[in-house]
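Asker: take a look and give me a structure for this.
(one chain, ligands or ions: 1)
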Amino acid sequence: MATKNIYHRFKYANKHFKRWILPLLFLLLAQQDWAQNNNQIQGSIDEIAVIEQKAAINKVLRSSKNSMLSFASSNFDVHYIVCNWNIDPAIRYIQGNVKFGFTITEKANSITFDLANELLVDSIRYKNNKLSFSRPPNNSVVINLGNSLEKNIKDELTIFYKGIPPAANSPFSTFTNSSHAGVPVMWTLSEPYGGKDWWPCKNGLNDKADSIDISITTPDKYTSSCNGLLIKELIVGGKRTTFWKHRYPIATYLIAIAATNYSIIKDSIQLGNKWLPLMEHAYPERISEFKNAASITKRTMQLLHNTFTPYPFINERYGHTQFGFSGGMEHQTNSFMVNMNETLIVHELAHQWFGNKITCGSWKDIWLNEGFAIFCTNFSTEKFYSETSLLNLYRSQINFITSNKKGTVYVDDTTSVSRIFDSRLTYTKGGWVLQMLRWKLGDDTFFKAVKNYLEDPALAYRYAFTSDLKKHFEITSGKNLDEFFNDWVYGNGYPSYQLRWNALGKSWVNTTLSQTTSDNTVDFFEMPVAIRFKNALRDTTIIIDHQKNGQTNFINIGFIADSAFIDPKLKIISVNNTVVKSQAISNDEDVIMFPNPVKNSFNVLISNLKEGSLQLSLYNSTGQVVWQKRNENFRGAEIYNIPSDKLSSGVYWLSIRKDKEKIIVRRILK
Ligand SMILES: [Zn+2]
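Answerer: Just a heads-up that it's a prediction; the model follows:
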C-alpha cells in the first residue's frame, strides 16, 4: 500500500523529476507555496496524517480486545474460494455467499471464520444441509459441523450473509462508498485487518487460497473490477454480473472489488516472447490519464520482469483500477490507484513480486513488502532518470529517515496500524536497508540473492519472515549478516562519520575514520564507506571497510588531493558527517616519516624507488640495531608502520637500503 504521506517529504528540485513527480506532489505539498495555486490540492499533509491515524485508531478500537489478530480457527486449510456478491455503489450494503473448499488439519467438530459482528449470517450450507452456528462478539462465526471431521478430510461449505459493513464511510475504511464526477463508486481495501468487515474469511497471514472465482452483480449502469481474469459479463433484468477467476495463491487482504461506471482500456505488454494482457479500469473523465501512463507501466513491468523473476501472474494479466483512497493498493493482478503517478505505478507493481508473490509472514515483517517497493521505485529512478535526480531523491529520503534518531525497521507494535505503515521506518528506511545490502554485497550477489529468495519453493506464492530474506543473502554471499541485520533492521538510528585525512607525498593519503551513532542500541555500524578525493584535475573514490573507530588507512590514490568527501553517491544512511584535512606531509621526498618525534609507533612512506628488495634498519645512538625488516618484493611505493613504544627517549637513525646500493638515512627523535 502507498499513502500520500509516504511521498510528501521528498522535495525534488530537478526539472526531469518534476515532470513525473509533480502530479502527486501537488496533492501532497499543500503547504508549499508553489503548489498553492493548484486546484488538485485536497488537503494539507497534516490533515492527511490525522485522517490516516484516525482511520487506523478506528480500526483498532472497533476490533474487540486484540482483534487485530484473526479469530479464524487453525484447524482447516483453505483451498478454493467461490464468492458471489451483490452490491450497488450507491448503497452501503453487501449481500452474498462465499463457498470455501478446505482440508481439515486436525480432527474438528467446528471451524471458525472471521466476520464483522455487523454482518448477518443467513445460513450455512453443507452437503444440502444447513449447519448451526454461533456469533461470539469477537467478529467471528463459529460453525458447528455436526459430526466431527477427521484430519485430511477435504470438504466444502457455503456461508450466506448480508448487511452494512462497519466503520464510518471515510476514505480509509475497508468498504467505501463514494462518488466521482457525481457518479457513485464503491471499493474495498482490506489491508491489513479489514477483510472480515465485508466478507467471511480467514483474516490472518497464514493461509493463502489456491484459487478464487468471483462474481459481482451490480445495477447494469455500473461495471465491476476484481482480481484475475474477466471470464464473462452477463446482463439480466437490469443487473450486470462480471465473472472473474484467479488461479494463483492469494492472501485474504489482496482480494478486492470495486464498481462504478468504469471505462475499460485493454492493452498488452511484451515480456520476452509473451504478450501479457493489461486491463485498466478508469473513471471515464480520467481515461486519458490512464492511457498516457501505459508506457510507464510497460517499461516498469519489463524492468522488474527482467531484473528479478518473471511477472508472478504471467498466465493471467496486470491492470489498475481507479478508486478514491488517497494512495494506491497492490491488489493481486489489479492495483487500485488514486491516480497514475509514476512513483505510485512502480510502487504497486513492485508489490506484485514483493508482497503478493511472497507475502510478509507477519505484520512485524511488513518491510519485506514495503521496503522492496521503495527499493524498486528508487531502482526505476536510477534506470530512467539522471544521476542528479537520483541523488536529490536519496538526499530527501536520508533527511526524512534521520529526522528522528530512533525507530526500528522491524515493527515492534503490530497493534498500531500507524506503526505498521510508518512511512519513515517500514517504507523508506526499509528500502534503504536493501540499498545498503546492495552496496555492501555488490550488484551481482545482491540481485542473485533476491532472485533466489523469489524462487525459493518454500517462500514463493507463500509467506516469508525477515530471517528468510537474511538467509538468502547469507547463502548467496557466503557472509554472516547478523551484525548488519542487528544494526539496521532490529536496531535504531544511523551513524555520523568523522574523517581526518592528509596528503602524503605525491600520491598517498592517510585517513582516520570514526563514527558516532544516533542511538545507543547500536554502538557501531560496520559498513564499507566510500571516500572521494579530488584536486582541480583529478578525482578518485576509494572504499574503506569501516570496522572500528579511529581506524587508520594509508591509500595510494595516484595524485595529491586537495579535498575529500564522505559517501559522495549516498550509499549509506548518515548525516552530519565532518571532514578535517590536516597538513600535507612533504610532497617531494622519497621517504616521509610521521610523526616525528615518534610516540608508540611511526610510519614510513617510501615512494619513487624501483621495485626490488628493500631493507629497513633502526639504529640507536650507539649504533645497535633495535628493529629490522626486510622486504624482497618491494613494489616501488609502500607504507611501513614501525613500533616504537619500547624505545627509550633519545635519538635514533633509520637506514633504508635498496638492492644493497642506495642507502637513505633519517634521524628520528623519541
Ligand atoms: Zn506499498
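
Asker: drop to CA atoms for contacts and neighbour counts, all remaining ones
Answerer: OK.

Asker: list the contacts for Pro219?
Answerer: Shown in contact with Pro219 (CA atoms under 8 Å, 6 or more residues apart in numbering): 88, 238-240.

Asker: the residue of the stretch 251-400 of the chain found nearest the ion - how many residues pack around it?
Answerer: With CA to the ion as the measure, Glu370 is the residue of the stretch 251-400 of the chain nearest to the ion, at 4.8 Å. Applying other CA atoms under 10 Å, we find 29 residues neighbouring Glu370.

Asker: pretty sure it sits in a helix.
Answerer: Yes. Counting by DSSP: H, G, I helix; E, B strand; the rest coil, Glu370 is found in a helix.

Asker: that one against Arg424, yeah?
Answerer: No. Between Glu370 and Arg424 there is no contact, the gap being 10.9 Å when judged by CA atoms under 8 Å.

Asker: out of the contacts of Pro219, who has the most neighbours?
Answerer: Counting by other CA under 10 Å, top hit in those: Asp88 with 21 neighbours.

Asker: pretty sure that residue contacts Asp220?
Answerer: No. The pair Asp88 / Asp220 is not scored as a contact, 9.8 Å apart, by CA under 8 Å.

Asker: now do the contacts for whichever residue of the stretch 1-150 of the chain sits closest to the ion.
Answerer: The nearest approach of the stretch 1-150 of the chain to the ion comes at Met1, 3.2 Å away (CA to the ion). If you count contacts by CA under 8 Å, 6+ apart, Met1 has them with 191, 327-330, 348, 370.

Asker: could you redo the last one with a cut-off of 6 Å?
Answerer: Met1 makes contact with 328-329 under the criterion CA atoms under 6 Å, 6 or more residues apart in numbering.

Asker: quick check, pLDDT for it.
Answerer: For Met1, the pLDDT comes out at 83.

Asker: dihedrals phi and psi, Lys534?
Answerer: phi -150, psi 160 (degrees, to the nearest 10).

Asker: what pairs with it across the strands?
Answerer: Going by DSSP bridges, Lys534 is paired in beta bridges with Asp539, Ser563.

Asker: and the closest residue to Pro284 other than its chain neighbours, what does it touch?
Answerer: Leaving out its chain neighbours, the residue that sits closest to Pro284 by CA to CA, 6 or more residues apart in numbering is Ser263, at 5.2 Å. Contact analysis of Ser263 by CA under 6 Å, 6+ apart lists 281-282, 284.

Asker: how many neighbours does Pro457 have?
Answerer: 10.

Asker: tell me the spacing between it and the ion.
Answerer: 24 Å (CA to the ion, to the nearest Å).

Asker: let the chain start at 56 from now.
Answerer: Renumbered: residue one is now 56, and that last one reads Pro512.

Asker: which helix or which strand is home to that residue?
Answerer: Under DSSP states H and E, no helix or strand contains Pro512.

Asker: contacting residues around Leu673?
Answerer: Leu673 touches 680-682, 708-709, counting by CA under 6 Å, 6+ apart.

Asker: near the ion too, which of these?
Answerer: Counting by CA under 5 Å from the ion, the subset of the contacts of Leu673 that neighbours the ion is empty.

Asker: which parts of this protein sit against the ion?
Answerer: 56-57, 425.

Asker: does Phe455 count as helix, strand or coil?
Answerer: Phe455 is classified as helix under three-state DSSP.

Asker: how many other residues sit next to it?
Answerer: If we define neighbours as other CA under 10 Å, then Phe455 has 18 of them.

Asker: do the same with Pro583
Answerer: So Pro583, with other CA under 10 Å, has 19 neighbours.

Asker: for the nearest residue to it once chain neighbours are set aside, grab phi and psi.
Answerer: Using CA to CA, 6+ apart and skipping residues adjacent in sequence, the residue nearest Pro583 is Asp600, 4.3 Å away. With angles defined as degrees, to the nearest 10, Asp600 sits at phi -80, psi 100.

Asker: pretty sure Asp600 contacts Ala585?
Answerer: No. If you go by CA atoms under 6 Å, Asp600 and Ala585 don't touch, sitting 8.8 Å apart.
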